[in-house]
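Asks: Please find the sequence and the predicted model below.
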Amino acid sequence: MNVVVCVKQIPDPSVPGQLEADHTLDRSAKPILDESDSFGVEMALQLVDAAGGGEVTLISLAPNGEVSGLRTALAMGAAKAVLASDDAFAGTDALGTAKVLAKCIERVGDADLVLAATESSDGYTGTVPVQVAELLGWPALTFAKKVDIADGVVTIQRQTEAGYDVVQSSLPAVVSVTAGVVEPRYPSFKGIMAAKSKPVDNVTAADLGLDGQVGWAGARQSIVKVEQAPARLAGEKFEDDGTAAEKIVAFLEDLKVI
Amino acid sequence: MTLSKIWVYVEANGDKVTTASLEVLTKARDLASTVEALYAGNATEAVAAQVGEYGATTLHAIDPQSALPGQVAAAAIAELAGSQNPDAILFVQSYDGRDALGRLSAKLDRPVLTNGFTLSVDNGALTFGTAIFGGTTLVDCMLSSDAPHLIAIRPKSFAAESASGAPATVNNIGAIDAGRAAEAKVLEVFEEEQTGPKLEEAQVVVSGGRGIGAQENYKPLVEELARTLKGAFGASRAIVDAGWVPYALQVGQTGKTVKPKLYIALGISGATQHLVGMKNSDNILAINKDGEAPIFGIADLGIVGDVHKVVPTLKELIAARD
Ligand SMILES: Cc1cc2nc3c(=O)[nH]c(=O)nc-3n(C[C@H](O)[C@H](O)[C@H](O)COP(=O)(O)OP(=O)(O)OC[C@H]3O[C@@H](n4cnc5c(N)ncnc54)[C@H](O)[C@@H]3O)c2cc1C
Ligand SMILES: Nc1ncnc2c1ncn2[C@@H]1O[C@H](COP(=O)(O)O)[C@@H](O)[C@H]1O
């Protein structure tokens, strides 16, 4: 079974975010593999293992030919990657991203299953996986906290407010997975070394037949105002000296909570 | 000047329309002279009465059969939009809302704006507001695509207010061909039993994080304190991912948004993704043993201390009062 995993390479979330003058995200630092996507990579590796054959292919849309996040996922065990990177992609929005990813999936050609995260850590639009499915004309099984494949059928437990639903469809299909669905492995030293020579297929907008459809023009949206949110001021900070509980009781009484 | 027609994709739990859907309907009334609702499910009559009360004149009802509702609804909405030309279609930033929105945007080739907090009409155009970088930076956007504009709104962004309207007229949409999207079938539904007030509606919310130390501490520390205060109990994602409590209790960016009179954070560091879901609470009390924890940056009362010491004493003191 062949599985394609969408992996986003994002600025390190532990470094405070910054907007450029044109209101796009400052991406000057080396990106990392979005933690949200590490679950999809691990899930794909496990599913291919269980199927007893096939391979995991990564697809990513990223600026500046960035591969550092892809290398992490290749080191985990993915076989190869398609990287869409081109100045023409600058300013691409969620739907544009989905168009690029759908074309990459068609380019890979033989995918039985496409995995993505339910939302990315930086953009968290949360629509890309379903948009990809629609562009491919495939079913999408979203918010999966468990995934099983047998006899050309995928069955998931779909997270709901109150519990979960069991959802099933035939393949090929897109599945979006929640964090915590599996425990992502750490790349081994051998994996890291092997990743350096794994193939990365670099593609441009023209290669994908998307000239003029993505990037700023395709996004059809503009930012009209950016401002700091009014800060919520911190109140009193109290070091517990054994009387903290009394202090809290007074606070609760003040608020008429008790 | 307002828009002429807005559609709202509403969701229901059983036959009760979700509060988040009613919030968006309420806002839509300010923005357009006509508000209509879209719904995929089988409680049409009950939903028509509720959306009518909140100002929708028509309910376009879609039968999802056993497929994921949002995904098949998109096929019907796309067709309907072609003949009825709404200015905008609003969704709740929920699972089914995102399913419907994602499919629809690809079908209609329209961009989406998501995670909205504000909406207004300025000079006849819709302005959408969201927050980035953990809510510290506010961004207003406008779409230049053709109508309908597709927008998703986070729960609790607006207050739900009844318009005392009559039940909406039902427009039953017949069989729809959603293609392979309809192949994803819901086979079984599992609901975990939930007791006590609902997180989104409670006046007091007590949440626990990794700092409570272990799964068995959740009940005595978090759940019992919440019950004492007649509140609801919640959690950070760390302890949801760890499997200590179900996802339904998660507060934050990928969980619930709460806005109680009082939010109590026990052993929660205050990551931006957690803050997004609770920082608009009227009052915040945090107990954390690390004086540098970011949660103290927004707490009205911050206790630098050990939850295992402070919470049991607090429970005793409250019990002694009655
Ligand atoms: C895309 C994405 C979405 C996310 N969505 C969410 C979300 O919706 N909700 C969410 O909560 N998180 C979310 N997160 C995760 C978030 O970034 C944090 O990892 C998480 O909130 C941390 O949970 P925590 O505060 O319980 O744990 P930690 O960060 O580990 O903090 C534990 C705290 O407990 C304190 N502590 C330890 N022992 C004690 C003690 N005895 N007494 C008192 N204090 C003690 C420590 O000082 C520490 O501050 C998301 C992350 C990503 C990438
Ligand atoms: N640029 C990208 N490259 C690869 N995958 C992406 C990209 N953007 C989004 N995705 C996938 O789609 C998921 C949801 O993204 P989003 O809709 O932006 O929240 C992500 O977690 C990824 O799995």
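Replies: Sure thing, it's come through. Numbering: from 1, shown residues only, chains lettered A, B, ... in the order given. Ligands and ions are numbered 1, 2, ... in the order given.
Asks: ok, the spatially closest residue to B:Gly252 that is not a sequence neighbour - contacts?
Replies: Excluding its sequence neighbours, the residue lying closest to B:Gly252 (Cβ to Cβ, 6 or more residues apart in numbering or on different chains) is B:Gly277, at 3.8 Å. Placement of C-beta: from N, CA and C, glycine included. By Cβ atoms under 8 Å, 6 or more residues apart in numbering or on different chains, B:Gly277 lies in contact with B:251-253, B:255-258.
Asks: same deal with A:Asn2?
Replies: By Cβ under 8 Å, 6+ apart, A:Asn2 lies in contact with A:48, A:54-57, A:108, A:110-113.
Asks: Show me what A:Gly163 bridges to in the sheet.
Replies: B:Glu191 (DSSP bridges).
Asks: B:Leu150 too?
Replies: Beta bridges link B:Leu150 to B:Ile89, B:Val112, judged by DSSP bridges.
Asks: is it true that it touches B:Gly102?
Replies: No - B:Leu150 is beyond contact range of B:Gly102, at 9.5 Å (criterion: Cβ atoms under 8 Å).
Asks: the more surrounded of the two?
Replies: Just comparing B:Leu150 and B:Gly102: by other Cβ atoms under 10 Å in any protein chain shown the higher neighbour count belongs to B:Gly102, 34 against 27.
Asks: those strands in the stretch 151-300 of chain B, which residues are they?
Replies: Remark: strands assigned in the stretch 151-300 of chain B by DSSP state E, counting those that start in this stretch are B:169-173, B:185-191, B:204-208, B:232-235, B:262-266, B:283-288.
Asks: now those strands as JSON lines including mean pLDDT and mean neighbour count?
Replies: Below are those laid out as JSON lines (pLDDT from 0 to 100; neighbours: other Cβ atoms under 10 Å in any protein chain shown):
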{"stretch": "strand B:169-173", "mean pLDDT": "97", "mean neighbour count": "14"}
{"stretch": "strand B:185-191", "mean pLDDT": "95", "mean neighbour count": "13"}
{"stretch": "strand B:204-208", "mean pLDDT": "98", "mean neighbour count": "28"}
{"stretch": "strand B:232-235", "mean pLDDT": "97", "mean neighbour count": "29"}
{"stretch": "strand B:262-266", "mean pLDDT": "98", "mean neighbour count": "28"}
{"stretch": "strand B:283-288", "mean pLDDT": "98", "mean neighbour count": "25"}
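Asks: wait, which of these is closest to A:Ile149?
Replies: strand B:185-191 (15.4 Å; Cβ to Cβ).
Asks: any idea how far the residue of chain A at minimum distance from ligand 1 is from A:Gln9?
Replies: Residue nearest to ligand 1 within chain A: A:Ser121 (3.9 Å; Cβ to the nearest ligand atom). Per Cβ to Cβ, to the nearest Å, A:Ser121 is found 11 Å from A:Gln9.
Asks: same check, this time on A:Ala179
Replies: Separation of A:Ala179 from A:Gln9 (Cβ to Cβ): 17 Å.
Asks: quick one: which of the two has more around it?
Replies: A:Gln9 (26 against 20).
Asks: hang on, isn't B:Lys315 packed against B:Glu224?
Replies: Yes - judged on Cβ under 8 Å, B:Lys315 makes contact with B:Glu224 at a distance of 6.6 Å.
Asks: So, low pLDDT: which residues of the stretch 101-250 of chain B?
Replies: Residues of the stretch 101-250 of chain B meeting the criterion pLDDT under 70: none.
Asks: Get me the contact residues on it for ligand 1.
Replies: Proximity of the stretch 101-250 of chain B to ligand 1 is confined to B:209-211, B:236-239, B:250 under the rule Cβ under 6 Å from any ligand atom.
Asks: For those, pick the one with the most neighbours.
Replies: B:Ser236 (30 neighbours).
Asks: residues in chain A within reach of ligand 1, list them.
Replies: By Cβ under 6 Å from any ligand atom, the residues of chain A that approach ligand 1 are A:35-36, A:121.
Asks: among those, who's most crowded?
Replies: A:Ser36 (23 neighbours).
Asks: Would the helix or strand that that residue is a member of count as contacting ligand 2?
Replies: Taking DSSP states H and E as the criterion, A:Ser36 maps to helix A:35-51. Yes - using Cβ under 6 Å from any ligand atom, helix A:35-51 reaches ligand 2 at A:36-37.
Asks: so the residue in the stretch 1-150 of chain B that chain A sits nearest to, which of the three states?
Replies: Closest contact between the stretch 1-150 of chain B and chain A, by Cβ to the nearest Cβ, is at B:Gly102 (2.9 Å). Secondary structure, DSSP: H, G, I helix; E, B strand; the rest coil: B:Gly102 is helix.
Asks: That one touches A:Glu134, doesn't it?
Replies: Yes - in terms of Cβ under 8 Å, B:Gly102 counts as a neighbour of A:Glu134; the distance is 6.8 Å.
Asks: List the contacts of the worst-scoring helix or strand of chain A on mean pLDDT.
Replies: The weakest-scoring helix or strand in chain A, judged by mean pLDDT, DSSP states H and E, is helix A:215-219 (a mean of 89). With contact meaning Cβ under 8 Å, 6+ apart, helix A:215-219 is reached by A:88-93, A:95-96, A:99, A:205, A:212, B:111.
Asks: Going through the residues you listed, which ones are buried?
Replies: Among the contacts of helix A:215-219, those classed as buried by 16 or more other Cβ atoms under 10 Å in any protein chain shown are A:88-89, A:91-93, A:95-96, A:99, A:205, B:111.
Asks: among the contacts of helix A:215-219, which are in strands?
Replies: If you go by DSSP state E, the contacts of helix A:215-219 have nothing in strands.
Asks: So which other helices or strands are in contact with the next helix or strand after the least confident helix or strand of chain A?
Replies: Proceeding N to C from helix A:215-219, the next assigned helix or strand is strand A:221-228, under DSSP H and E. For strand A:221-228, the elements it packs on are strand B:137-143, judged by 3 or more Cβ pairs under 8 Å, 6 or more residues apart in numbering or on different chains; DSSP states H and E.
Asks: between the strand it packs on and strand A:221-228, what angle do the directions make?
Replies: 160 degrees (axes from the mean of the first three to the mean of the last three Cα atoms, to 10 degrees).
Asks: From the rest of the structure, what touches strand B:137-143?
Replies: Counting by Cβ under 8 Å, 6+ apart, A:19, A:23, A:220-229, B:111, B:113, B:118, B:125-132, B:149 sit against strand B:137-143.
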